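Participant: below are the sequence and a predicted model for it; my questions follow.
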Amino acid sequence: MFAEDLTPYLLYFYMRIIKVNAIDSTNSFVRKFYEGSRDFEPVCVRAISQTAGRGQRGSNWLSKACENLTFSILYPQFKLNISRHFLLSATISLAVLEVLKTLEIPELKVKWPNDILSAKQKIGGILIENIVKTEGIVASIIGIGLNINQSNFEGLPQAGSLKSITGKTYDLDEVLEKLLYKIERELKELPNKTRTEILEQYAQSMFRLNVVSTFSTNNGENFNGIIRGVTTEGKLNLEIEDAVFKTYDLKEIQLLY
């Protein structure tokens, strides 16, 4: 991973970008461009207004029009095995963090599995849906929502934006171009990276890593544990007692703030 000014590289960036005014979900919309094979060029759909954006656990992603970024990328996959699906998710999260570092956004972390935090406030989220056939993953739909210039998050005390944290106003097109360039670059390198390399980088960026934290189960019970990393499949690796470890799926527990 690198943290540098990406502007000089944008001259070599060719992903097709489609900007639409108001749609229900960029993930649903961009899927329509998939025609049944791996032989297609990556495409990005950016919505000015998204009326039914989706997040993890079936939640909605609410975003104020013209102030934030909501976009999805349809990307062909030639060498991504199904067993490496979480490595894709981790790679995208790390790419977003690296771009935000170039914008000098402070205290960046990933709240498992792929919420983007700054100064403990949620500023973004990622939702990846893979198109799978008998030969494996043939394409990925990478949906990203990032709060950029929105200042008010009524009823959402844990939400924030780049502007609410830094006080600066950002050019949405410029931020999008930097994100797309970095994401495409990392996706091309993904088949050449090892599981260990990706998971170690991801773990070091995790929110509340190696700190006693509170978790909630599906039946409403709370318990304490220490995040020690993630498995290749993306399960959370918790130390629940001294030297007693257990892994949890996204559907099983939720990390509380």
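Facilitator: Perfect, I can see it now.
Participant: please make it C-alpha for all contacts and neighbour counts, starting now.
Facilitator: Fine.
Participant: low-confidence ranges in the protein?
Facilitator: With pLDDT under 70 as the threshold, the chain has low-confidence stretches at 1-14, 52-63.
Participant: rerun at 80
Facilitator: Within the chain, the set of residues satisfying pLDDT under 80 comprises 1-14, 50-65, 257.
Participant: please parse it into its domains.
Facilitator: Following automatic domain parsing, one gets these domains for the chain: 7-204, 212-255.
Participant: how about those in a markdown table, adding mean neighbour count?
Facilitator: Rendered in a markdown table, the data for the domains of the chain read as follows (neighbours: other CA atoms under 10 Å):
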| stretch | mean neighbour count |
| --- | --- |
| domain 7-204 | 18 |
| domain 212-255 | 15 |
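Participant: what kind of secondary structure is the spatially closest residue to residue 255 that is not a sequence neighbour in?
Facilitator: Excluding its sequence neighbours, the residue lying closest to residue 255 (CA to CA, 6 or more residues apart in numbering) is residue 215, at 4.6 Å. In the three-state summary, residue 215 is assigned as strand, counting by DSSP: H, G, I helix; E, B strand; the rest coil.
Participant: verify the stated contact: residue 215 with residue 253.
Facilitator: Yes. Residue 215 sits in contact with residue 253 when judged by CA atoms under 8 Å, with a separation of 6.4 Å.
Participant: with only the CA atoms kept, save the helix or strand where residue 202 lies in CSV.
Facilitator: Using DSSP states H and E, residue 202 maps to helix 195-204. Provided in CSV are the C-alpha atoms of helix 195-204 (Å, rounded to 0.1, in the frame of the first residue of the first chain):
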residue,chain,number,x,y,z
ARG,A,195,-3.5,-14.2,2.2
THR,A,196,-1.1,-13.5,5.0
GLU,A,197,0.0,-10.1,3.5
ILE,A,198,-3.6,-8.9,3.1
LEU,A,199,-5.0,-10.2,6.4
GLU,A,200,-2.1,-8.7,8.4
GLN,A,201,-2.5,-5.3,6.7
TYR,A,202,-6.3,-5.5,7.4
ALA,A,203,-5.8,-6.5,11.0
GLN,A,204,-3.5,-3.6,11.7
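Participant: hmm, who's touching that helix?
Facilitator: Residues outside helix 195-204 that contact it (CA atoms under 8 Å, 6 or more residues apart in numbering) are 87, 90-91, 94, 110, 209, 228-232.
Participant: helices along the stretch 151-257 of the chain, start to end?
Facilitator: Listed in chain order, the helices of the stretch 151-257 of the chain (DSSP state H, counting those that start in this stretch) span residues 162-166, 172-189, 195-204.
Participant: what sits against residue 44?
Facilitator: Taking CA under 8 Å, 6+ apart, we find residue 44 in contact with 15-18, 30, 71-74.
Participant: kindly recompute the last result at 6 Å.
Facilitator: Residues counted as contacts of residue 44 (CA atoms under 6 Å, 6 or more residues apart in numbering) are 17, 72-73.
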